[in-house]
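In: only geometry, no sequence info:
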């Protein structure tokens with residue numbers, strides 16, 4: 001484990017945390033043992049650290065497959081703020097910048113590469129991926145939002161279905177799949193589609209003792225109902241709407257009624 005005596009030392013060094021959350025350490029230990037994994041952990045439970053820390057302790061490049069440019073940008077920015085060598089390749093950067101980042105990858109200056117499924121499967125990207133494998137090596141494939149693999153999931157993306165090609169092309173590289181939500185049917189489909197039938201499955205509890213849930217019937221005058229509810233509550237809140245227009249309209253009305261929205 002490089003120069004660290006324990007995983008806790010590495011955690012403190014790279015991320016500043018004193019201890020792991022539930023199941024994080026076990027998951028990280030298994031990734032370091034090059035096992036295939038399927039991890040189902042609620043949002044905010046620390047999924048990203050489960051593949052980020054092993055990436056810093058293993059030789060080679062960890063390739064993180066993520067569906068959204070915004071998610072890539074946020075995670076890479078956060079890693080760079082911690083002094084961790086990470087980058088992304090997507091359509092938001094110029095050809096010249098792409099070449100600069102590819103050179104940094106091939107010279108071992110990058111430990112985590114974030115990339116969309118469409119790009120990693122593209123014919124033009126295939127030679128570069130092979131070059132990575134033959135020069136610095138691929139430590140692992142970490143597939144984020146992996147429920148997108150399953151046609152039984154709530155956010156199916158056909159490109160994710162083709163990620164099984166990674167197992168065929170790089171059979172020795174472990175695949176670690178992460179999501180915040182997956183029914184048993186979706187879990188089985190993920191394992192089948194990615195070719196990780198021997199994968200260890202980790203599911204952490206979704207119970208949040210600090211959260212209270214309540215369902216109320218929607219009244220005809222729903223805006224007045226919402227305004228009354230906001231005024232009666234302490235602290236901040238989030239209002240979800242079905243469209244951007246609704247978001248703008250309701251935020252504007254709340255502002256007119258003296259709510260800082």
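Out: That came through fine. Because the structure is predicted, anything quoted here is derived from the model rather than measured. Numbers count the residues shown, from 1 in each chain.

In: can you list the weak-confidence ranges in the chain?
Out: 1-2 (pLDDT under 70).

In: what ranges do the helices span in this structure?
Out: 7-15, 24-32, 47-57, 69-81, 95-106, 117-120, 126-135, 158-161, 164-169, 184-194, 222-232, 244-256 (DSSP state H).

In: Tell me which of the ones you listed is the most buried.
Out: Mean neighbour count (mean count of other C-beta atoms under 10 Å) peaks for helix 47-57 among the helices of the chain, with a mean of 22. Every C-beta, even on glycine, is put in place using the N, C-alpha and C of the backbone.

In: what sits up against it?
Out: 1-2, 4, 7, 10-11, 14-15, 24, 27-28, 31-32, 39, 41, 62, 64, 75, 79, 84, 111-112, 139-140, 142, 144, 176, 178, 180 (C-beta atoms under 8 Å, 6 or more residues apart in numbering).

In: and if you look at stretch 236-250?
Out: Against stretch 236-250 from outside (C-beta under 8 Å, 6+ apart): 223, 226, 230, 261.

In: The same query, at a cut-off of 7 Å, please.
Out: Contacts to stretch 236-250, defined as C-beta atoms under 7 Å, 6 or more residues apart in numbering, come from residues 226, 230.

In: hmm, back to that, any chance of the helices of the chain in CSV, plus distance to residue 215?
Out: Shown next, in CSV, are the helices of the chain (distance: least, C-beta to C-beta, whole Å):
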stretch, distance to residue 215
helix 7-15, 37
helix 24-32, 32
helix 47-57, 28
helix 69-81, 29
helix 95-106, 47
helix 117-120, 35
helix 126-135, 47
helix 158-161, 32
helix 164-169, 39
helix 184-194, 24
helix 222-232, 13
helix 244-256, 20
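
In: and the spatially closest residue to residue 113 that is not a sequence neighbour, what are its bridge partners?
Out: Leaving out its chain neighbours, the residue that sits closest to residue 113 by C-beta to C-beta, 6 or more residues apart in numbering is residue 63, at 5.2 Å. Taking DSSP bridges, one obtains residue 113, residue 141 as the residues bridged to residue 63.

In: Residue 63 touches residue 138, doesn't it?
Out: Yes: between residue 63 and residue 138 a contact is recorded at 6.2 Å, counting by C-beta atoms under 7 Å.

In: Could you check which of the two is surrounded by more residues?
Out: Each of residue 63 and residue 138 has its neighbours counted (other C-beta atoms under 10 Å); residue 63 has more, 24 against 21.
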